[in-house]
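**Student:** How does the following fold in three dimensions:
(2 chains)
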Amino acid sequence: MSRLYVARNPRVAARSLDGEMMIMSGRDSTLFTLNKTATILWQSADGTTPLDHIVEHRICTEFEVAPAEALQDAETLARELARHEILQISEEPIPPRSPLAGESR
Amino acid sequence: MSDLLMQMSAKAEKLNIPLSVQLDLTYRCNERCVHCYLDHHDHGEMTTAEIKHLLDEMAEAGVFILTLSGGEIFLRKDFFDLLEHARRLMFCVKLKTNAVLIREREAARLRDLNVESIQISIYSHRPEVHDAITLIPGSLKRSVAAIKFLKSQGLKVIIANVLMSQNMQDYPGVRALAAELGVECTLDPTVTPMMDGNRSPLALGVDQGVLRQVFRDTALVGDVEEFCAIPTPAGEDEMESTPCSAGHTACYVSPYGEVFPCVQFPLPTGNVRQQRFVDIWRHSEQMNDVRSIRLKDLTTCPSCSHAATCTRCPGLAFMEGNMRGPSTQDCEKSFARTGIPSANMLAKKAAGANLRNANLVQIRALPTAIGSATAGAIA
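**Tutor:** Down below sits the predicted model:
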């Protein structure tokens, strides 16, 4: 099974509000909020850390959830966020887009 | 404002987070609009490094929506450097400009940097009227050309039309121009005094007759009957309500680093050259004073029949001498909407006062050199 890499889309606007991300789509200015799990995924999405590594080391350590189930949910979530152009997903590491690889705060 | 953004604003207010900041990069301008409240001189603008540091602090403090304005922002030679820094910090960036300096190259760069929207001042669809307000021949032609460049890049453009006696008949033409260009259009009848306390711009504001006409234009207000309805008395919830986002989830920073509750609320609260932005936001005595205001605490307004529906601006009230007092311009708007005079209007009429000649607080900038903040002086 191939690994999935996720990267924050630098086209969006984003800010953490009380531990939850507010994200505005760069495509049509639609505003999204991410729950705490999705926020961890977003904040860890550096393009070089594989999704399974994020799930194992960032999500499963935070929430009581089986790794396989968590990975499946995370993949579904990542693809949904990619559909809204909030995340970029790839089976290869994603290099930062110069000069605007967004810093997550 | 979307429901989700309202929810986020409510959460930010509860957590005391400045969700939205307007940062003026310069007061210099290449137009000389007759109603402008700025002096157009550079009294010591923040440097590139200072502004980048401020942006870092703002991101850390939780600012999400960053409006870059002026003066004319494109007169800053480091504008794109600053914008790039802001976008790297993932602010939702909105711009306010006259767009005269925007060509294809600048429009493409703004697209690459994913600016959320660009608000452009257009006073009339007729060059002879628009250019007579900006005092720059050819300015309408250049601004409209810029809107087309921006639209061709897929950017969101909003025309901002300030309603004054000089252009009061032209707002339908501006709206038609906006429709033709495929952009949004806003109309604002508010004209403010100049920063040095000069009140002459107020004479350019429209009179009651024009306000009444505007407030009964279905194209602008939708359901006229609802918009101009007789106000209902304020309930307990309304009496506990705060006036607007100024100082609650929003503030304004001048090109000299001074922080105010709003661009239209010239109460100095601190300077980012002397203090961290977040410390001013959280601990400024003046900012906390603004935050403490509730409708029930106001001097005249709680007894006014418009209390529940009035758009009272605390900044304009401050410029009249008391941020807990009424804002005459908003009293006039309420009167134009409903035909019912406000408590303030009735009191002033009884006292024989001229509403337009109310004493105003002089808007005075904080000293830019290291020193303590000074409050505005009574004119």
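**Student:** Now whatever helix or strand residue B:67 lives in: average pLDDT?
**Tutor:** Secondary structure assigned from DSSP states H and E places residue B:67 in strand B:65-69. Strand B:65-69 carries an average pLDDT of 98.
**Student:** Give me the helices and strands touching the helix or strand just after it, please.
**Tutor:** Downstream of strand B:65-69, the next assigned helix or strand under DSSP H and E is helix B:79-88. Helix B:79-88 sits against helix B:48-61, strand B:65-69, strand B:92-97, with contacts defined as 3 or more Cβ pairs under 8 Å, 6 or more residues apart in numbering or on different chains; DSSP states H and E. Placement of C-beta: from N, CA and C, glycine included.
**Student:** would you turn these into JSON lines with distance to residue A:39 and mean neighbour count?
**Tutor:** Below are these laid out as JSON lines (distance: least, Cβ to Cβ, whole Å; neighbours: other Cβ atoms under 10 Å in any protein chain shown):
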{"stretch": "helix B:48-61", "distance to residue A:39": "16", "mean neighbour count": "18"}
{"stretch": "strand B:65-69", "distance to residue A:39": "19", "mean neighbour count": "21"}
{"stretch": "strand B:92-97", "distance to residue A:39": "17", "mean neighbour count": "24"}
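**Student:** Of all the ones you listed, which one is nearest chain A?
**Tutor:** Of all the helices and strands packed on helix B:79-88, strand B:92-97 sits nearest to chain A, with 3.5 Å by Cβ to the nearest Cβ.
**Student:** With adjacent residues omitted, what lies nearest to the closest residue to chain B within chain A?
**Tutor:** Relative to chain B, the nearest point of chain A is residue A:13 (3.5 Å; Cβ to the nearest Cβ). Distance criterion Cβ to Cβ, 6 or more residues apart in numbering or on different chains; nearest residue to residue A:13, sequence neighbours excluded, is residue B:92 at 3.5 Å.
**Student:** before we move on, the earlier item: including distance to residue B:227, could the helices and strands packed on helix B:79-88 go into JSON lines?
**Tutor:** Compiled in JSON lines, those are given as follows (distance: least, Cβ to Cβ, whole Å):
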{"stretch": "helix B:48-61", "distance to residue B:227": "36"}
{"stretch": "strand B:65-69", "distance to residue B:227": "27"}
{"stretch": "strand B:92-97", "distance to residue B:227": "26"}
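**Student:** pLDDT wise, what is residue 76 at?
**Tutor:** Chain wasn't specified; assuming chain A. We note a pLDDT of 94 for residue A:76 in this prediction.
**Student:** try again with chain B
**Tutor:** Residue B:76 is assigned a pLDDT of 97 by the prediction.
**Student:** okay, now it: neighbour count?
**Tutor:** Residue B:76 has 21 neighbours, counted by other Cβ atoms under 10 Å in any protein chain shown.
**Student:** Give the pairing partners of the strand holding residue B:67; include direction for each.
**Tutor:** Applying DSSP bridges to the sheet, strand B:65-69 is found paired with strand B:20-24 (parallel), strand B:92-97 (parallel).
**Student:** contact partners of the last one?
**Tutor:** In this case it means strand B:92-97. With Cβ atoms under 8 Å, 6 or more residues apart in numbering or on different chains as the contact definition, strand B:92-97 has outside contacts at A:13, A:24, B:64-70, B:72-74, B:83, B:86-87, B:110, B:113-121, B:160.
**Student:** average pLDDT for that strand?
**Tutor:** For strand B:92-97, mean pLDDT is 98.
**Student:** element containing the residue nearest the centre of chain A?
**Tutor:** What sits nearest the mean C-alpha location of chain A, by Cα atoms, centre = their mean, is residue A:42, with 3.1 Å. Per DSSP H and E: residue A:42 is located in helix A:36-44.
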